[in-house]
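K.L.:
Provided below for reference: sequence and predicted model.
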Amino acid sequence: MGSNKIYVTPSKLHQFVFCPRQVFFDHYLKVKKPLRQRIRMWIGKLLHFIHHLFKVGYVKEELIEVEVDELDDIVLVGKPDSYSFDEDTIILEEFKSTRMPRGLNEWGLKAWKSDVVQALAYAYILHKTYGKKVFVVIRYINGATSFEFNEFMKLALLCYLEEYKKMIEYKLFPDVVRNRRCRKCQYRELCDKIDGDQG
């Protein structure tokens, strides 16, 4: 891997949208993920395994790497949960071990913003690899939401990738809005100290 390339996984982009400081600290400090987060990942893998047992015709997790044409030095690397081919369209399915939100996000979808951006990254990978349209389905434990990967959604993805790139290239420490989720973060004390010193 060339030193000038920035390799981004969809799961890391998901984390970046959820809280960019976590990605900043992970990149430079590499602290072990808390048990709660690791358990959620195991549950997600179990859901994928069960799905693959009972549904045929889907391509199962396969590592794919593509360069992002619109942004220099960005490479997306990931394993889509599962996808299938329907004539000129790829059906991408993402499985989440959480419940879907009660309201709509900024794109009018009933899905968490970080989940949508993660799915967009996988959709970009598949679209560039196979040259076909991509239709996305995000499945939660209490429902599902779906959308087409179009130019508008691709632009949203590129905006987040650009922000990610700036953070890594220029070591920009992100500003975040603190909320109740911060109480469970492994970097809470470090954030508290940094924000306290700046205040």
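P.N.:
That came through, no problem.
K.L.:
and the helices in the chain?
P.N.:
Using DSSP state H, the helices of the chain run over 10-18, 20-29, 35-54, 113-130, 151-170, 188-198.
K.L.:
pick the most buried one from these.
P.N.:
helix 113-130 (a mean of 22; mean count of other C-beta atoms under 10 Å). Glycine gets a C-beta too; all of them are placed from N, C-alpha and C.
K.L.:
and it, how far out from the chain's middle?
P.N.:
8 Å (C-alpha atoms, centre = their mean, to the nearest Å).
K.L.:
any low-confidence regions in the chain?
P.N.:
Along the chain, segments meeting pLDDT under 70 span 1-3, 30-61, 197-199.
K.L.:
what do you get if the cut-off is 90, keeping everything else the same?
P.N.:
Scanning the chain for pLDDT under 90 picks out 1-4, 21-63, 72, 79-84, 86-87, 95, 97, 168-199.
K.L.:
who wins for proximity to residue 100 among the helices of the chain?
P.N.:
helix 113-130 (8.7 Å; C-beta to C-beta).
K.L.:
who does the closest one touch, helix- and strand-wise?
P.N.:
Helix 113-130 sits against helix 10-18, strand 64-67, strand 74-78, strand 89-95, strand 133-140, helix 151-170, with contacts defined as 3 or more C-beta pairs under 8 Å, 6 or more residues apart in numbering; DSSP states H and E.
K.L.:
can you put those in CSV and add distance to residue 187?
P.N.:
Shown next, in CSV, are the helices and strands packed on helix 113-130 (distance: least, C-beta to C-beta, whole Å):
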stretch, distance to residue 187
helix 10-18, 12
strand 64-67, 29
strand 74-78, 24
strand 89-95, 26
strand 133-140, 26
helix 151-170, 15
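K.L.:
tell me which of the ones you listed lies nearest to residue 196.
P.N.:
Here helix 151-170 is closest among the helices and strands packed on helix 113-130 (C-beta to C-beta), at 21.9 Å.
K.L.:
hang on, the earlier thing: tabulate the helices of the chain (TSV), appending distance to residue 92.
P.N.:
Listed next are the helices of the chain as TSV, based on distance: least, C-beta to C-beta, whole Å:
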stretch	distance to residue 92
helix 10-18	11
helix 20-29	23
helix 35-54	13
helix 113-130	6
helix 151-170	12
helix 188-198	34
